[in-house]
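Chemist: One predicted model, sequence on top.
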Amino acid sequence: MFITFEGPEGSGKSSQSALLADWLRQLGQDVLLTREPGGTAIGDRVRAILLDPACTEMEDEAEVLLYSAARAQHVGQVIRPHLARGGVVLCDRYADSTLAYQGYGRGLDLATLGVITAFATGGLRPDLVVFLDIDVEAGLRRKQLHADVDASQWNRFEQETLAYHQRVRAGYLQMAAAEPGRWLLVDASQPAEAVQVALRAQVGAALGMFFGSDVHAPSA
Ligand code: TYD
(Lines give C-alpha, C1' and ligand atoms only; values in the text may rest on other atoms or scores of the structure.)
Protein backbone atom coordinates (compact mmCIF):
# COMPACT_ATOMS: atom_id res chain seq x y z
CA MET A 1 0.00 0.00 0.00
CA PHE A 2 1.29 3.42 -0.96
CA ILE A 3 0.37 6.37 1.28
CA THR A 4 1.58 9.92 0.66
CA PHE A 5 1.51 12.93 2.96
CA GLU A 6 0.74 16.34 1.56
CA GLY A 7 0.15 19.76 3.03
CA PRO A 8 1.25 23.38 3.12
CA GLU A 9 4.43 24.47 4.89
CA GLY A 10 4.45 23.75 8.62
CA SER A 11 1.60 21.25 8.54
CA GLY A 12 3.62 18.68 10.52
CA LYS A 13 3.89 16.04 7.77
CA SER A 14 7.29 14.71 8.77
CA SER A 15 6.51 14.18 12.46
CA GLN A 16 3.04 12.77 11.77
CA SER A 17 4.30 10.37 9.10
CA ALA A 18 7.10 9.17 11.43
CA LEU A 19 4.59 8.49 14.23
CA LEU A 20 2.31 6.65 11.83
CA ALA A 21 5.26 4.57 10.59
CA ASP A 22 6.06 3.51 14.18
CA TRP A 23 2.45 2.49 14.75
CA LEU A 24 2.18 0.52 11.52
CA ARG A 25 5.42 -1.32 12.36
CA GLN A 26 3.94 -2.24 15.74
CA LEU A 27 1.00 -3.70 13.83
CA GLY A 28 3.44 -5.90 11.93
CA GLN A 29 3.59 -4.00 8.64
CA ASP A 30 6.85 -3.75 6.69
CA VAL A 31 7.02 0.05 6.48
CA LEU A 32 9.31 2.22 4.40
CA LEU A 33 9.26 5.89 5.44
CA THR A 34 10.69 8.18 2.79
CA ARG A 35 10.37 11.73 1.45
CA GLU A 36 10.49 13.94 -1.65
CA PRO A 37 12.45 15.54 -3.02
CA GLY A 38 15.05 12.95 -2.04
CA GLY A 39 14.79 9.39 -0.81
CA THR A 40 17.80 8.21 -2.83
CA ALA A 41 21.45 9.34 -3.06
CA ILE A 42 20.80 10.90 -6.50
CA GLY A 43 17.51 12.42 -5.32
CA ASP A 44 19.20 14.00 -2.31
CA ARG A 45 21.69 15.71 -4.61
CA VAL A 46 18.83 17.07 -6.71
CA ARG A 47 17.09 18.14 -3.48
CA ALA A 48 20.10 20.23 -2.49
CA ILE A 49 19.80 22.22 -5.74
CA LEU A 50 16.03 22.61 -5.45
CA LEU A 51 16.01 23.90 -1.89
CA ASP A 52 19.11 26.09 -2.08
CA PRO A 53 18.01 29.66 -1.23
CA ALA A 54 20.77 30.85 -3.59
CA CYS A 55 19.05 29.24 -6.64
CA THR A 56 16.72 32.19 -7.22
CA GLU A 57 17.11 32.26 -11.01
CA MET A 58 15.64 28.78 -11.56
CA GLU A 59 13.18 28.53 -14.46
CA ASP A 60 9.78 27.08 -13.53
CA GLU A 61 10.18 24.38 -16.18
CA ALA A 62 13.62 23.43 -14.84
CA GLU A 63 12.13 23.18 -11.37
CA VAL A 64 9.41 20.75 -12.50
CA LEU A 65 11.91 18.58 -14.35
CA LEU A 66 14.28 18.45 -11.39
CA TYR A 67 11.48 17.34 -9.05
CA SER A 68 10.42 14.81 -11.66
CA ALA A 69 13.96 13.49 -12.14
CA ALA A 70 14.32 12.95 -8.40
CA ARG A 71 10.88 11.27 -8.36
CA ALA A 72 11.70 8.91 -11.23
CA GLN A 73 14.79 7.73 -9.37
CA HIS A 74 12.84 7.38 -6.13
CA VAL A 75 10.01 5.36 -7.67
CA GLY A 76 12.30 3.01 -9.59
CA GLN A 77 14.98 2.47 -6.99
CA VAL A 78 13.01 2.53 -3.74
CA ILE A 79 9.21 2.79 -3.86
CA ARG A 80 8.26 0.15 -6.44
CA PRO A 81 10.62 -2.52 -5.06
CA HIS A 82 9.20 -2.06 -1.54
CA LEU A 83 5.61 -2.24 -2.78
CA ALA A 84 6.49 -5.34 -4.81
CA ARG A 85 7.66 -7.02 -1.60
CA GLY A 86 4.21 -6.39 -0.11
CA GLY A 87 5.37 -3.51 2.10
CA VAL A 88 3.71 -0.24 3.01
CA VAL A 89 5.36 2.93 1.70
CA LEU A 90 4.80 6.23 3.52
CA CYS A 91 6.10 9.16 1.51
CA ASP A 92 6.39 12.73 2.81
CA ARG A 93 5.30 14.61 -0.38
CA TYR A 94 4.89 13.09 -3.84
CA ALA A 95 3.40 13.99 -7.22
CA ASP A 96 0.50 16.00 -5.76
CA SER A 97 3.11 18.46 -4.44
CA THR A 98 4.10 19.14 -8.05
CA LEU A 99 0.49 19.84 -9.00
CA ALA A 100 -0.01 22.04 -5.92
CA TYR A 101 3.28 24.02 -5.97
CA GLN A 102 4.25 24.14 -9.64
CA GLY A 103 0.70 23.89 -11.03
CA TYR A 104 -1.64 25.82 -8.74
CA GLY A 105 1.20 27.82 -7.13
CA ARG A 106 3.30 28.84 -10.15
CA GLY A 107 0.54 28.56 -12.75
CA LEU A 108 2.07 25.85 -14.96
CA ASP A 109 -0.39 23.86 -17.07
CA LEU A 110 -1.89 21.07 -14.96
CA ALA A 111 -2.41 18.68 -17.89
CA THR A 112 1.26 19.03 -18.93
CA LEU A 113 2.36 18.37 -15.34
CA GLY A 114 0.17 15.28 -15.36
CA VAL A 115 1.94 13.95 -18.47
CA ILE A 116 5.42 14.66 -17.05
CA THR A 117 4.47 13.03 -13.75
CA ALA A 118 3.01 9.94 -15.41
CA PHE A 119 6.27 9.57 -17.37
CA ALA A 120 8.44 10.00 -14.26
CA THR A 121 6.43 7.58 -12.11
CA GLY A 122 5.38 5.05 -14.74
CA GLY A 123 1.85 5.87 -13.63
CA LEU A 124 2.35 4.96 -9.96
CA ARG A 125 -0.25 6.82 -7.89
CA PRO A 126 -0.81 6.66 -4.13
CA ASP A 127 -3.63 4.50 -2.76
CA LEU A 128 -4.21 7.15 -0.14
CA VAL A 129 -3.20 10.80 0.13
CA VAL A 130 -3.15 12.18 3.68
CA PHE A 131 -3.68 15.92 3.45
CA LEU A 132 -2.66 17.73 6.62
CA ASP A 133 -4.47 20.99 6.26
CA ILE A 134 -3.46 24.17 8.06
CA ASP A 135 -4.03 27.87 7.50
CA VAL A 136 -1.09 29.21 5.46
CA GLU A 137 -0.05 31.93 7.90
CA ALA A 138 -0.26 29.60 10.90
CA GLY A 139 1.86 27.00 9.08
CA LEU A 140 4.50 29.50 8.01
CA ARG A 141 4.67 30.85 11.57
CA ARG A 142 5.34 27.30 12.82
CA LYS A 143 8.15 26.91 10.30
CA GLN A 144 9.54 30.33 11.12
CA LEU A 145 9.91 29.23 14.74
CA HIS A 146 12.08 26.33 13.56
CA ALA A 147 13.97 28.63 11.21
CA ASP A 148 14.94 30.79 14.17
CA VAL A 149 16.59 27.73 15.63
CA ASP A 150 18.15 26.58 12.35
CA ALA A 151 18.24 29.17 9.56
CA SER A 152 19.15 26.52 6.96
CA GLN A 153 15.60 25.18 7.25
CA TRP A 154 14.21 28.37 5.74
CA ASN A 155 14.29 27.23 2.13
CA ARG A 156 13.60 28.74 -1.28
CA PHE A 157 9.89 27.88 -1.08
CA GLU A 158 9.25 29.36 2.30
CA GLN A 159 10.60 32.66 0.99
CA GLU A 160 7.73 32.81 -1.52
CA THR A 161 4.89 35.26 -1.07
CA LEU A 162 1.83 34.56 1.04
CA ALA A 163 -0.37 34.65 -2.08
CA TYR A 164 1.69 31.84 -3.62
CA HIS A 165 1.24 29.65 -0.54
CA GLN A 166 -2.47 30.42 -0.50
CA ARG A 167 -2.77 29.25 -4.12
CA VAL A 168 -0.92 26.07 -3.16
CA ARG A 169 -3.34 25.34 -0.30
CA ALA A 170 -6.39 26.15 -2.44
CA GLY A 171 -5.05 23.75 -5.09
CA TYR A 172 -4.71 20.97 -2.53
CA LEU A 173 -8.26 21.54 -1.33
CA GLN A 174 -9.51 21.40 -4.92
CA MET A 175 -7.70 18.10 -5.58
CA ALA A 176 -9.01 16.64 -2.31
CA ALA A 177 -12.57 17.63 -3.17
CA ALA A 178 -12.26 16.07 -6.63
CA GLU A 179 -11.19 12.66 -5.26
CA PRO A 180 -12.70 12.25 -1.79
CA GLY A 181 -12.19 8.47 -1.83
CA ARG A 182 -8.42 8.78 -2.21
CA TRP A 183 -7.78 11.90 -0.13
CA LEU A 184 -7.96 11.93 3.63
CA LEU A 185 -8.41 15.42 5.01
CA VAL A 186 -6.99 16.00 8.49
CA ASP A 187 -7.15 19.26 10.44
CA ALA A 188 -3.46 19.88 11.23
CA SER A 189 -4.14 22.90 13.42
CA GLN A 190 -5.19 20.54 16.23
CA PRO A 191 -2.62 19.47 18.85
CA ALA A 192 -0.19 16.91 17.36
CA GLU A 193 -1.61 14.07 19.50
CA ALA A 194 -5.14 14.66 18.19
CA VAL A 195 -3.88 14.74 14.59
CA GLN A 196 -2.19 11.36 15.12
CA VAL A 197 -5.31 9.80 16.67
CA ALA A 198 -7.40 10.94 13.69
CA LEU A 199 -4.77 9.62 11.30
CA ARG A 200 -4.52 6.19 12.92
CA ALA A 201 -8.27 5.73 12.91
CA GLN A 202 -8.62 6.62 9.24
CA VAL A 203 -5.50 4.91 7.94
CA GLY A 204 -6.30 1.81 10.02
CA ALA A 205 -9.69 1.58 8.35
CA ALA A 206 -8.15 2.03 4.90
CA LEU A 207 -5.49 -0.62 5.62
CA GLY A 208 -8.15 -3.10 6.71
CA MET A 209 -9.93 -2.60 3.42
CA PHE A 210 -6.71 -2.76 1.43
CA PHE A 211 -5.28 -5.93 2.92
CA GLY A 212 -8.65 -7.47 3.78
CA SER A 213 -7.15 -8.22 7.20
CA ASP A 214 -8.23 -7.34 10.71
CA VAL A 215 -5.98 -4.34 11.15
CA HIS A 216 -7.60 -2.39 13.95
CA ALA A 217 -7.24 1.25 14.77
CA PRO A 218 -6.33 1.54 18.45
CA SER A 219 -6.13 4.96 20.04
CA ALA A 220 -2.77 6.76 20.16
P1 TYD B 1 11.01 20.45 2.69
O2 TYD B 1 12.10 21.11 3.46
O3 TYD B 1 11.02 18.96 2.60
O4 TYD B 1 9.65 21.02 3.22
P5 TYD B 1 8.38 20.36 3.85
O6 TYD B 1 8.77 20.02 5.25
O7 TYD B 1 7.35 21.44 3.76
O8 TYD B 1 8.02 19.15 3.01
O9 TYD B 1 10.99 21.10 1.26
C10 TYD B 1 10.26 20.64 0.22
C11 TYD B 1 9.78 21.84 -0.56
O12 TYD B 1 9.67 21.48 -1.95
C13 TYD B 1 8.41 22.30 -0.10
O14 TYD B 1 8.40 23.69 0.02
C15 TYD B 1 7.51 21.90 -1.24
C16 TYD B 1 8.41 21.85 -2.43
N17 TYD B 1 8.00 20.87 -3.47
C18 TYD B 1 7.57 21.31 -4.71
O19 TYD B 1 7.46 22.52 -4.94
N20 TYD B 1 7.24 20.40 -5.67
C21 TYD B 1 7.34 19.05 -5.48
O22 TYD B 1 7.04 18.24 -6.39
C23 TYD B 1 7.82 18.60 -4.19
C24 TYD B 1 7.98 17.13 -3.93
C25 TYD B 1 8.14 19.54 -3.22
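Modeler: All right, it came through fine. Residues are numbered from 1 along each chain as shown.
Chemist: Which residues belonging to the lowest-mean-pLDDT helix or strand in the chain are considered buried?
Modeler: One helix or strand of the chain scores below all others by mean pLDDT, DSSP states H and E: helix 136-149, with a mean of 78. Applying a neighbour-count criterion of 16 or more other C-beta atoms under 10 Å, one finds 136, 139-140, 142-143 buried in helix 136-149. The C-beta positions use only the backbone N, C-alpha and C, and glycine is treated the same way.
Chemist: Give me the packing partners of it, helices and strands only.
Modeler: Applying 3 or more C-beta pairs under 8 Å, 6 or more residues apart in numbering; DSSP states H and E, we find helix 136-149 packed against helix 162-178.
Chemist: Give me the mean pLDDT for stretch 45-54.
Modeler: For stretch 45-54, the mean pLDDT works out to 94.
Chemist: Any idea how far that stretch is from the middle of the chain?
Modeler: Centroid displacement of stretch 45-54 relative to its chain, using C-alpha atoms, centre = their mean, to the nearest Å, is 17 Å.
Chemist: Report the buried residues of that stretch.
Modeler: Across stretch 45-54, burial judged by 16+ other C-beta under 10 Å covers 46-47, 49-51.
Chemist: So which of the residues you listed reach the ligand?
Modeler: Leu51 (C-beta under 6 Å from any ligand atom).
Chemist: Which members of the buried residues of stretch 45-54 are the farthest-apart pair?
Modeler: Using C-beta to C-beta, those span at most 9.8 Å, a distance reached by Val46 and Leu51.
Chemist: what residues do these two have in common as contacts?
Modeler: Common contact partners of Val46 and Leu51 (C-beta atoms under 8 Å, 6 or more residues apart in numbering): Pro37.
Chemist: measure stretch 4-24 end to end?
Modeler: End-to-end distance of stretch 4-24 (C-alpha to C-alpha, to the nearest Å): 14 Å.
Chemist: Could you find the closest non-adjacent residue to the most centrally placed residue in the chain?
Modeler: Taking C-alpha atoms, centre = their mean, the centroid of the chain lies closest to Arg93, which sits 1.9 Å from it. Nearest residue to Arg93, sequence neighbours excluded (C-beta to C-beta, 6 or more residues apart in numbering): Glu36, at 4.5 Å.
Chemist: number of nearby residues for the one you found?
Modeler: Neighbourhood size, Glu36 [other C-beta atoms under 10 Å]: 23.
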